[in-house]
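Undergrad: sequence below, structure please.
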Amino acid sequence: MRHVILVHGDCDGIIAGALYVKHFLRDRYPSDIVLGFTQPWRASKEIRKLCKEDQCESLTLIDIAIDREVFSMIVDITMKGIPVQVIDHHATTEPWVEKMKDLGLKVIWDRSTSTPRLMFSKMKLLLNNYEAKLLRIADSCEGSEDGDEEIKSVADNIKLAISRDPSDLSFMRELFDAIILNKDLSLIASLEKKAYVGRLLLNKLIEKAIQRGEDLGEVLISYMHPSESRLFAGLFGIASTELSKKLKKDIVMIRDEETKIVVTVRSSKGRALHYCKTLVETLGGGKYGGHKEAASATLVKRNINDILAAARDAIWSLQKEKKS
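TA: Predicted coordinates for the structure are as follows:
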């Protein structure tokens, strides 16, 4: 049996996972560890696939926001006698923290810039210079400003490279292993190449979002068709962040992924989770997660005009609420 470690397949998730292995399981990696990368919408399925009773000695979830589906899967695994640990910084995990502790889980949670930063403060990691730099890269990936251009460049390249193809698990493993071995991430050839293509597509997506955007006071809302959703894959989060900074507005990007509708929100005013929560509750079906400034919702497939109308109502309602 082996340790199962499932990490969020984004910049700070991969860094957090690698730091965890380096500090707590280095002698068991890779031979005794099953390593997985996931995205929020498929996390529960990945847990089921990776942590089968006959091969799972323990399960550690890193940088994965807990929702009802994931919690239900955790309960099932815990009932089999498998120890579970959760390390996460997402705001939407908070309502589940005490429930998980009641199950006997080890939970490391708090509101933090990034999960690596959380681990440093809560787990008392003793970092070398290389790892301290990784913390700053992770923070930058999560939106924290850093005055060091090298830090920002590496963080941007990692985000772009991963977002260009969120299903490229081999590339995520390459980054993970590079961190384990203290390699200079800026020298990874595949990172530079993927980031270059990602930047070209990102600029095109931003251009489309502005052209198609609907101005709703303090918010810009934009819709993308299924073909565009496939083309731009995981770039919507970065595009929303850059648009929000550029236009000084909250950004709501809605895209049709054929079997579901995905909403990406960025809000400098801290309204992102509220928008997503309201949409899920209004339309009845789906889930949401993230932070006050950056959140997303996955909605049950329905007529896109109904979703756009609900989004407009939620946006106007919240703006009026804030002014009253």
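
Undergrad: which one's the longest helix in the chain?
TA: helix 189-212 (DSSP state H).

Undergrad: residues in contact with that one?
TA: Residues outside helix 189-212 that contact it (Cβ atoms under 8 Å, 6 or more residues apart in numbering): 156-158, 160-161, 163-165, 168, 171, 174-175, 185-186, 220, 222-224, 228, 231-232, 235-236, 238-239, 242-243, 246-247, 251, 253. (Each C-beta comes from the backbone N, C-alpha and C, glycine too.)

Undergrad: which residues are in contact with Ser222?
TA: Here Ser222 is in contact with 208-210, 212-214, 251-254 (Cβ under 8 Å, 6+ apart).

Undergrad: next: Glu242.
TA: 202, 206.

Undergrad: quick one: it is in a strand?
TA: No. According to DSSP: H, G, I helix; E, B strand; the rest coil, Glu242 belongs to no strand; its state is helix.

Undergrad: look up how far Asn203 lies from it.
TA: According to Cβ to Cβ, to the nearest Å, Glu242 and Asn203 sit 9 Å apart.

Undergrad: related to what we said a few turns ago, export the longest helix of the chain to CSV, keeping only CA atoms.
TA: Below are the C-alpha coordinates for helix 189-212, written out as CSV (Å, rounded to 0.1, in the frame of the first residue of the first chain):
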residue,chain,number,x,y,z
ALA,A,189,12.4,24.4,-21.9
SER,A,190,8.8,23.1,-22.0
LEU,A,191,7.7,25.8,-19.5
GLU,A,192,8.9,28.6,-21.8
LYS,A,193,7.4,27.0,-24.9
LYS,A,194,4.0,26.4,-23.4
ALA,A,195,3.9,29.9,-21.8
TYR,A,196,4.7,31.5,-25.1
VAL,A,197,1.7,29.8,-26.8
GLY,A,198,-0.4,30.5,-23.8
ARG,A,199,0.3,34.2,-23.9
LEU,A,200,-0.7,34.4,-27.6
LEU,A,201,-4.0,32.7,-26.9
LEU,A,202,-4.5,34.8,-23.7
ASN,A,203,-4.2,38.0,-25.6
LYS,A,204,-6.7,36.8,-28.2
LEU,A,205,-9.2,35.8,-25.4
ILE,A,206,-8.8,39.2,-23.7
GLU,A,207,-9.5,40.9,-27.0
LYS,A,208,-12.6,38.8,-27.6
ALA,A,209,-13.9,39.4,-24.1
ILE,A,210,-13.6,43.2,-24.4
GLN,A,211,-15.3,43.2,-27.9
ARG,A,212,-18.1,41.0,-26.7
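
Undergrad: and that helix, how far from the chain's centre?
TA: On the basis of Cα atoms, centre = their mean, to the nearest Å, helix 189-212 sits 19 Å off its chain's mean C-alpha point.
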